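**Student:** no FASTA, just this:
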């Protein structure tokens, strides 16, 4: 494991490589959660590089915001804009950063929009879809009127996927029943 005593920019360039393991990610996440400059450098790498350094930086960022969500607040808009060009693991980890960081009406609206969008894309990884589904389910607690649209959307998306996903959707729809605005069913 590399020491954080050296220049963060030099270290970021040398550690964000193929073969970087969970222990190194956790080490750098702890360092980034405590150092805004290092965190910002990782954001710049994560949003600017679709290759291995960008993917690894996004992985470190997701772990860093799990430790200290507020550190990503100044970067929320920049990270949200980067989702347009992200794919695969980089998309998954940057999306997690947004979900951990999300606060306030405007940021919730951004995360809700991305969650619906990622649920709709057949190319989305199952981990991304699960994160989006989980976020929307929690958002329905805060915004009960969202439950109807979310349930409708889940039913449409479920038909496009296999049995395991359909079973998860069924359980989510059952949990959403308690949020229905009046008599009848939201499903």
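**Tutor:** Structure received. Everything numeric in this text was worked out from a predicted model, so none of it was measured.

**Student:** domain parsing for the chain?
**Tutor:** Per automatic domain parsing, the domain ranges recorded for the chain read 1-81, 102-187.

**Student:** off-centre distance for the shortest one?
**Tutor:** The one in question is domain 1-81. 15 Å (C-alpha atoms, centre = their mean, to the nearest Å).

**Student:** what's the answer for the longest one, then?
**Tutor:** Relative to the chain's own centre, domain 102-187 is displaced by 14 Å; criterion: C-alpha atoms, centre = their mean.

**Student:** okay, the domains of the chain in JSON lines with mean neighbour count next?
**Tutor:** No exception for glycine: its C-beta is placed from N, CA and C like everyone else's. Compiled in JSON lines, the domains of the chain are given as follows (neighbours: other C-beta atoms under 10 Å):
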{"stretch": "domain 1-81", "mean neighbour count": "18"}
{"stretch": "domain 102-187", "mean neighbour count": "16"}
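
**Student:** quick one, which of those is nearest to residue 93?
**Tutor:** domain 1-81 (3.7 Å; C-beta to C-beta).

**Student:** pLDDT on the closest one, on average?
**Tutor:** What domain 1-81 shows for mean pLDDT is 85.

**Student:** tell me the helix or strand right after the helix or strand hosting residue 27.
**Tutor:** Here residue 27 sits within helix 22-34, counting by DSSP states H and E. Using DSSP H and E, the helix or strand that follows helix 22-34 towards the C-terminus is helix 36-48.

**Student:** elements contacting that next one?
**Tutor:** Judged by 3 or more C-beta pairs under 8 Å, 6 or more residues apart in numbering; DSSP states H and E, helix 36-48 is in contact with helix 8-15, helix 22-34, helix 52-67, helix 76-82, helix 88-101.

**Student:** re the thing from before, same list, the domains of the chain, but as CSV with distance to residue 90 please.
**Tutor:** Shown next, in CSV, are the domains of the chain (distance: least, C-beta to C-beta, whole Å):
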stretch, distance to residue 90
domain 1-81, 5
domain 102-187, 11
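
**Student:** for the helices and strands packed on helix 36-48, which one sits closest to residue 155?
**Tutor:** Closest approach to residue 155 among the helices and strands packed on helix 36-48 (C-beta to C-beta): helix 88-101, 22.6 Å.
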